[in-house]
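# Can you look at this prediction? I've put the sequence above it.
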Amino acid sequence: MTIINRFIKLCKADIHGVMDEIEDKGLVLKQCIRDMENALTAKKVRLEQLAALGSRAEKEAAARRLEWEKTEADIQAALEKQRDDIARLLIKKAGRLDQYQREMTRHAAGLADEAAGLKDTIERQQHELDAVKLQAAAFFQRREMKSAPICGQAFEPPPELSDEEIELELLRRKESLKGGDA
């Protein structure tokens, strides 16, 4: 069973290696940036929707508050004229208006809290996106530098000096110093 498991792991590793070689890192990076931009755009749209809903809820609460105040004045007038039946109906209406107004106020506050949290998230993710874009620009610039032709040939950095070459150069310089002192 262990041989089979090792064989399966080897096949999976080989497949992952082939996929890594096939995929273009630049294309994957560009797609990730597009995905991040799309997610940010969707969140900005949601923020605008929350602002519109919050504004509508505040206006509705204010309208109900005005209607409640008018109903309270009508209750006073009904009581002054000893119209208890009308006063009862108006008290019932005022209770519903007050309850609705309070609910709209709570709803508007909840929307404002959600919008504030979303705004913070958008700002944080915008900074992250800007950082990724800078890193991507550096990646593409490095990639371009590696593939840029010099005199018709692709640029490759010079090979590192071996330890032996370094020792030989050190000996040459020491000899030239001794020869220069004499």
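Sure, I can see it.
# quick one: the strands in this protein?
149-150, 153-154 (DSSP state E).
# which residues sit in contact with the residue nearest the centre of the chain?
Central residue of the chain (Cα atoms, centre = their mean): residue 125, 2.9 Å from the mean position. By Cβ atoms under 8 Å, 6 or more residues apart in numbering, residue 125 lies in contact with 36, 39-40, 43. (Glycine included, C-beta is placed from N, CA and C.)
# Try it again at 7 Å.
residue 40 (Cβ atoms under 7 Å, 6 or more residues apart in numbering).
# All the helices of this protein, residue numbers only.
2-22, 25-80, 84-147, 163-181 (DSSP state H).
# can you redo these as CSV with mean pLDDT?
Compiled in CSV, those are given as follows (pLDDT from 0 to 100):
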stretch, mean pLDDT
helix 2-22, 68
helix 25-80, 93
helix 84-147, 92
helix 163-181, 84
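# burial count for the residue nearest to residue 74 when sequence neighbours are not counted?
Spatial nearest neighbour of residue 74, chain neighbours left out: residue 90 (5.2 Å); criterion: Cβ to Cβ, 6 or more residues apart in numbering. Counted with other Cβ atoms under 10 Å, the neighbours of residue 90 add up to 21.
# going forward, begin numbering at 8 instead of 1
All right, first residue 8 from here; so that's residue 97.
# measure the residue nearest to residue 36 when sequence neighbours are not counted to residue 168 for me?
Take residue 36 and drop its neighbours on the chain: the residue closest to it by Cβ to Cβ, 6+ apart is residue 143, 5.2 Å away. Distance, residue 143 to residue 168, using Cβ to Cβ, to the nearest Å: 33 Å.
# Which one's more surrounded, the two?
residue 143 (15 against 11).
# is it true that the more buried one touches residue 39?
No: if you go by Cβ atoms under 7 Å, residue 143 and residue 39 don't touch, sitting 8.5 Å apart.
# Can you report phi and psi for residue 166?
phi -70, psi 150 (degrees, to the nearest 10).
# Can you give me the pLDDT of it?
Residue 166 carries a pLDDT value of 80.
# Run a quick neighbour tally on it.
6.
# List the contacts of it.
No contacts exist for residue 166 under Cβ under 7 Å, 6+ apart.
# could you measure it against residue 177, distance?
Distance of residue 166 to residue 177, computed by Cβ to Cβ: 19 Å.
# Next: residue 106.
For residue 106, the distance to residue 177 - Cβ to Cβ - is 90 Å.
# now residue 94
Counting by Cβ to Cβ, the gap from residue 94 to residue 177 is 108 Å.
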